[in-house]
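> Below: sequence and its predicted model.
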Amino acid sequence: MSGESLHRKIMSGNAGTWARPVCWFLRAVETLYSTAVARRNARFDRRGPIASLPVPVISVGNLTAGGTGKTPFVIELVRRLDRMGFSPAVVSRGYKAASGAQNDEECLIQHRCPGVICVSNPDRSLAGRTACQQYGADVIVLDDGFQHRQLDRTLDIVLLDATCPFGFDHLLPRGLLREPVVSLGRADVVVLTRCDQVSPAELSRIEERVRRVAGDAVRLRCSHGVTAVETLGGETCGTPLDGKRAVLFAGIGHPAAFATTVRSLGVDVVGERWWPDHHRYRCRDIDELAAVGRFPPHDLLVTTEKDAVKLTALGGFPHISIAVVKVSIDFAGQDGTMLRNVLERSLPRE
């Protein structure tokens, strides 16, 4: 079990009696964190944002830490804006980027949306002005922006992972919440992701709670549909994965959700190797995966597209077979049309 998986087990309360002292400690730290978040939110509630941009800003963010499928949603949003005739730019903090380089999300966004403008800077108002003035962006997609309240926004979109929407109902580090659930009241749109991985009854319970907290928000459902399975070199896999024995590996925020997606393809998962989110791969990591006897007999290794972008930059690995699962956002029913309607209402056209 990875350190992250163990932490999730402790947060969920399923780690056993031995973890109680750990929970007590995390709860004490949570109290300090909660106080700081409450003071910060109260300050912005009184004063509002301190910076604005001359173009519309669409924030895409999370209520919880960990993977909610935000990057596939940003890619979908950028493509929709492009089809509507806009020149969008993605602005982010550049979390865990190497000096002078793009971070994982930016690399994947530009890989899937060639030519899109991506600007990262801890000062996101400065990054937004750069995107507008130097690159001609006429709408800004603020990646991971829900808690970045310094910058005014036209639309606040918040993603909730249906498999763990409310972060075990505790703030960090006792749970996964970045801020209390009542903060959803600031959202204009709440998107439930990975809806295919929970029951209809559970979805209804989640949506009812969202309705109570953010009654005016538009509520959408989506899942992560597999669009292709390719080799690390970008070629379509010649044989279906159904029945194949595979070892999964990745450095992402919610590996269990990725494993569920892969199993939905009929893959027999015989091993897993998870690194922390934004893991920077080294050749020794691949050597570890390929080591004889490290895992039960298997046909191939399977990873995410975000990891594949980093592995491709690292170099080829002809001695092993790596399959890359590419996913995109699939909206339920007419929810994709609802999103378009929200965008059309929110974005002025000359």
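Nice, I can see it.

> domains of the protein?
The chain is divided into the following domains under automatic domain parsing: 3-46, 57-224+330-346, 226-328.

> Let's test this: mean pLDDT of the longest one, rounded?
In this case it means domain 57-224+330-346. For domain 57-224+330-346, mean pLDDT rounds to 94.

> Between the two ends of that domain, how far is it?
End-to-end span of domain 57-224+330-346 (C-alpha to C-alpha, to the nearest Å): 10 Å.

> now it: how far from the chain's centre is it?
Distance of domain 57-224+330-346 from its chain centroid, counting by C-alpha atoms, centre = their mean, to the nearest Å, is 8 Å.

> Which of the domains of the chain has the highest mean neighbour count?
Counting by mean count of other C-beta atoms under 10 Å, domain 57-224+330-346 has the highest mean neighbour count of the domains of the chain, with a mean of 19. Yep, even glycine has a C-beta here, placed from its N, CA and C like the rest.

> mind checking the SS state of the nearest residue to Asp169 once chain neighbours are set aside?
Excluding its sequence neighbours, the residue lying closest to Asp169 (C-beta to C-beta, 6 or more residues apart in numbering) is Gly175, at 6.2 Å. Three-state call for Gly175 (DSSP: H, G, I helix; E, B strand; the rest coil): coil.

> gap between Gly175 and Ile10?
Taking C-beta to C-beta, to the nearest Å as the measure, Gly175 falls 10 Å from Ile10.

> what residues are up against the closest residue to Arg282 other than its chain neighbours?
Nearest in space to Arg282, with sequence neighbours left out and distances taken as C-beta to C-beta, 6+ apart, is Leu314 at 7.7 Å. Applying C-beta atoms under 8 Å, 6 or more residues apart in numbering to Leu314 gives the contacts 281-283, 286.

> Quick one: mean pLDDT for the longest helix seen in the chain?
Longest among the helix segments of the chain by residue count, using DSSP state H, is helix 20-47. Mean per-residue pLDDT for helix 20-47: 95.

> now for it, which elements pack on it?
Other helices and strands packing on helix 20-47, by 3 or more C-beta pairs under 8 Å, 6 or more residues apart in numbering; DSSP states H and E, are helix 3-12.

> what's the helix it packs on in contact with?
Counting by C-beta under 8 Å, 6+ apart, 1, 15, 19, 22-23, 26, 167-168, 170, 174-176, 255-256, 274, 276-277 sit against helix 3-12.

> coming back round to it: would you check how far apart the residue nearest to Arg282 and Ile286 are?
8 Å.

> which residues are common contacts for those two?
With C-beta under 8 Å, 6+ apart as the test, Leu314 and Ile286 reach no residue in common.

> can you pull out the helices in the stretch 101-250 of the chain?
104-112, 124-135, 200-213 (DSSP state H, counting those that start in this stretch).

> which ones are touching Val309?
104, 107-108, 111.

> JSON lines for those, including distance to Val292?
Compiled in JSON lines, the contacts of Val309 are given as follows (distance: C-beta to C-beta, whole Å):
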{"residue": "Asp104", "distance to Val292": "30"}
{"residue": "Cys107", "distance to Val292": "32"}
{"residue": "Leu108", "distance to Val292": "32"}
{"residue": "His111", "distance to Val292": "33"}
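
> Out of those, which is nearest to Ala131?
For the contacts of Val309, the minimum distance to Ala131 (C-beta to C-beta) is 17.4 Å, reached by Cys107.

> Assess the claim that that closest one and Lys310 are in contact.
Yes - between Cys107 and Lys310 there is a contact under C-beta atoms under 8 Å: 7.2 Å.

> For the stretch 251-350 of the chain, give me the ranges with low pLDDT.
Scanning the stretch 251-350 of the chain for pLDDT under 70 picks out 316, 318-319, 350.

> Go again with 80.
For the stretch 251-350 of the chain, applying pLDDT under 80 flags the ranges 315-320, 349-350.

> thinking again about what came up before, next step: the contacts of Leu314 restricted to helices.
Checking these against DSSP H, those in helices are 283, 286.

> will you turn the contacts of Leu314 into TSV that also has distance to Arg345?
Listed next are the contacts of Leu314 as TSV, based on distance: C-beta to C-beta, whole Å:
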residue	distance to Arg345
Tyr281	43
Arg282	48
Cys283	50
Ile286	48
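
> Mind picking the one among the contacts of Leu314 that's closest to Ala332?
Distances from Ala332 to these, taken by C-beta to C-beta, are shortest for Tyr281, at 34.7 Å.

> Which phi and psi values does the closest one adopt?
Dihedral pair for Tyr281: phi -70, psi 150, per degrees, to the nearest 10.

> Can you give me the distance of it to Lys306?
Counting by C-beta to C-beta - Tyr281 and Lys306 are separated by 11 Å.

> Spell out the residue ranges of the strands in the chain.
Along the chain, counting by DSSP state E, strands occupy 57-62, 88-92, 117-120, 139-143, 155-161, 189-193, 218-231, 245-250, 268-274, 300-304, 322-331.

> So which other helices or strands are in contact with the fourth one?
Using 3+ C-beta pairs under 8 Å, 6+ apart as the contact definition, the elements that strand 139-143 packs against are strand 57-62, helix 70-83, strand 88-92, helix 124-135.

> Thanks a lot, catch you later.
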